[in-house]
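1. everything below, folded, please.
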Amino acid sequence: MRQAIVGYHRDEEGHWVAELACGHGQHVRHQPPWADRPWVTTEAGRRSRLGLALECTKCDRGEPPDRP
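-> Model (predicted):
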């Protein structure tokens, strides 16, 4: 199920996590070999992606939200 990005935060290891409208979080990898997404490293880049819909496999599996 596709869900919009509503914000971002860093996890315990310093990796960026996109906060989805459904309450789930999805890591947004920005370092090779995962993916080359330089927009993740700047606030303006992250802000430009707000509202973008990502596939949420946690929704598909019926998992509870990561955050209330």
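2. low-scoring stretches of the protein, by residue?
-> Within the chain, the ranges that satisfy pLDDT under 70 run 31-34, 68.
3. at 80 instead, please
-> Low-confidence segments of the chain (pLDDT under 80): 29-38, 67-68.
4. got the buried residues for the helix ranked longest in it?
-> Across the chain, the longest stretch assigned as helix under DSSP state H is helix 43-48. Going by neighbour count (16 or more other CB atoms under 10 Å), the buried part of helix 43-48 is residue 46. Quick note: C-beta positions are derived from backbone N, CA and C, even for glycine.
5. contact partners of that helix?
-> 8, 16, 38, 39, 40 (CB atoms under 8 Å, 6 or more residues apart in numbering).
6. give the next helix or strand downstream of it.
-> Later in the chain than helix 43-48, the nearest helix or strand by DSSP states H and E is strand 53-55.
7. which outside residues touch that next one?
-> 1, 2, 3, 4, 5, 18, 20, 26.
8. that older thread, pick the one among the contacts of helix 43-48 closest to residue 30.
-> residue 40 (3.7 Å; CB to CB).
9. from the contacts of strand 53-55, which land in strands?
-> Of the positions in the contacts of strand 53-55, 2, 3, 4, 5, 18, 20, 26 sit in strands, assigned by DSSP state E.
10. wait, what's in contact with the last one?
-> Taking CB under 8 Å, 6+ apart as the criterion, residue 26 is in contact with 17, 18, 20, 54, 56.
11. what bridges to the closest residue in space to the third one that isn't next to it in sequence?
-> When you say that, I think you mean residue 20. Excluding its sequence neighbours, the residue lying closest to residue 20 (CB to CB, 6 or more residues apart in numbering) is residue 3, at 4.0 Å. Note on residue 3: beta-bridge partners residue 54, judged by DSSP bridges.
12. wait, residue 3 sits on residue 57?
-> No - counting by CB atoms under 8 Å, residue 3 does not reach residue 57; the two are 10.5 Å apart.
13. which one's more surrounded, those two?
-> Neighbours per residue, other CB atoms under 10 Å: of residue 3 and residue 57, the larger number sits with residue 3, 20 against 11.
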